[in-house]
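> what follows is a protein structure lacking sequence information:
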């Protein structure tokens, strides 16, 4: 019996590696010469890094990030999420995180894909499918988690990427494949996280409403009572569930949104620090500089010089 189990595990490992290798080849082909390839209407984006990257702040949307080769880390507050070919990252909310590719080389580049989650499609699947009752009442955790990458999940993603070679078929077949992916996630070890995303009355959805408001209004003063009313929660419950899901308070979340947008304005629109600070809602340039330095490890001007040097060196390589 033990020998039979070992043979079965060995066969499954071989099958996993064969599918993973096939998918890695497809992603490598589509990302040759670029770090990011957006596929359009399917909500799928392919990524490649030929070397480890520096830590970079960004906003993650509700999505599954599936690493096919190499390894990456995401930092949310004090929580570190390390994912690779065996573990995927999934987020049910828009979350400001710090990302860093930790395993990549020219010979074996970091290859991954990110598929945006569709809460409407997931909600429809929940109505159509009999799901285990106990997973519906799982207590709230973070709005970000790690799940086990299975051969079945790799196979369906392999079909989705393979479909890129048939552009005319994408509008018809991609929604069906995405539906299968969402189903497999719903019945996986991360199913409860998806149910929080798609359940209309869940605390997660109420926090998501607060986040949507903050994303659209980060430059205006935050009045927590108004945000709580919008989210249909008391101020204490909003603080509790917001921190539970995002690891930070609404005010801290707004500050991160402001700093990330100011950084983008300085980098892509060449605004100086004072103009960027004012545009995102800061009244004091000195306060902006202090908070910017704490977040990004350097004052605005020095951080911009470093980022521009990175982009120039990357352009020279390619």
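Received it, and whenever you're ready, just let me know what you need. These numbers come from a predicted model, not from an experiment.
> from here on, just use CA atoms for contacts and neighbour counts.
Fine.
> ok, the residue nearest the centre of the chain - contacts?
Most central in the chain under Cα atoms, centre = their mean is residue 60, positioned 3.8 Å from the mean C-alpha point. Neighbour list for residue 60: 91, 93-97 [criterion: Cα atoms under 8 Å, 6 or more residues apart in numbering].
> rerun that using 6 Å as the cut-off
When contacts are counted by Cα atoms under 6 Å, 6 or more residues apart in numbering, residue 60 touches 94-95.
> and it, bridged to which residues?
Beta-bridge partners for residue 60, by DSSP bridges, are residue 95.
> measure it to residue 303 for me?
22 Å (Cα to Cα, to the nearest Å).
> again, but for residue 96
For residue 96, the distance to residue 303 - Cα to Cα - is 19 Å.
> residue 66 belongs to a helix?
No: counting by DSSP: H, G, I helix; E, B strand; the rest coil, residue 66 is not found in a helix; it is strand.
> tell me, how many residues neighbour it?
By other Cα atoms under 10 Å, 25 other residues sit near residue 66.
> same deal with residue 262?
26.
> and if you look at residue 88?
Counted with other Cα under 10 Å, residues neighbouring residue 88 total 22.
> next: residue 279.
16.
> secondary structure class of the residue lying closest to it once chain neighbours are set aside, three-state.
Distances taken as Cα to Cα, 6 or more residues apart in numbering place residue 219 nearest to residue 279, at 7.2 Å, with adjacent residues excluded. Following three-state DSSP, we place residue 219 in the coil state.
> how much space between the residue nearest to the centre of the chain and residue 153?
In terms of Cα to Cα, residue 60 sits 21 Å off from residue 153.
> same check on residue 68?
12 Å.
> so between those two, which is more surrounded?
residue 68 (26 against 19).
> per-residue confidence at that one?
Looking at residue 68, its pLDDT reads 98.
> mind checking how far the longest helix anywhere in the chain is from the chain centre?
When the chain is parsed with DSSP state H, its longest helix is helix 2-30. In this view, helix 2-30 has its centroid 25 Å away from the chain centroid, taken as Cα atoms, centre = their mean, to the nearest Å.
> buried stuff in that helix?
16, 19-20, 23-24, 26-28, 30 (16 or more other Cα atoms under 10 Å).
> quick one: average pLDDT of it?
Averaging pLDDT along helix 2-30 yields 87.
> now for it, which elements pack on it?
Helix 2-30 sits against no helix or strand, with contacts defined as 3 or more Cα pairs under 6 Å, 6 or more residues apart in numbering; DSSP states H and E.
> which SSE is immediately downstream of that helix?
strand 36-38 (DSSP states H and E).
> which strands or helices does the helix or strand following that following strand pack on?
Next helix or strand after strand 36-38 toward the C-terminus (DSSP H and E): strand 44-49. Under the contact criterion of 3+ Cα pairs under 6 Å, 6+ apart, strand 44-49 touches strand 36-38, strand 110-116.
> which of the ones you listed has the highest mean neighbour count?
Comparing these by mean neighbour count (mean count of other Cα atoms under 10 Å), strand 110-116 comes out on top with a mean of 23.
> what angle separates that one from helix 2-30?
Going by axes from the mean of the first three to the mean of the last three Cα atoms, to 10 degrees, strand 110-116 is angled at 90 degrees with respect to helix 2-30.
> start to end distance for stretch 195-214?
23 Å.
> so which residues of this structure form strands?
Secondary structure of the chain, counting by DSSP state E: strands at 36-38, 44-49, 56-60, 63-69, 71-76, 79-83, 87-91, 95-103, 110-116, 144-148.
> which stretch among those comes nearest residue 10?
In terms of Cα to Cα, the element of the strands of the chain nearest to residue 10 is strand 144-148, at 17.6 Å.
> check which helices and strands the closest one sits against.
Using 3+ Cα pairs under 6 Å, 6+ apart: strand 144-148 touches strand 87-91.
> what angle do strand 110-116 and the strand it packs on make with each other?
Orientation of strand 87-91 against strand 110-116 (the same axes, to 10 degrees) gives an angle of 30 degrees.
> list the contacts of strand 87-91.
62-66, 143-149.
> switch the cut-off to 7 Å
With Cα atoms under 7 Å, 6 or more residues apart in numbering as the test, strand 87-91 has contacts from 61-67, 83, 143-149.
> give me the buried subset of the residues you listed.
61-67, 83, 143-149.
> out of these, who's nearest residue 195?
Once Cα to Cα is applied, the member of the buried ones among the contacts of strand 87-91 that ends up nearest residue 195 is residue 143, at 11.5 Å.
> please report how far that closest one lies from residue 49.
According to Cα to Cα, residue 143 stands 26 Å off from residue 49.
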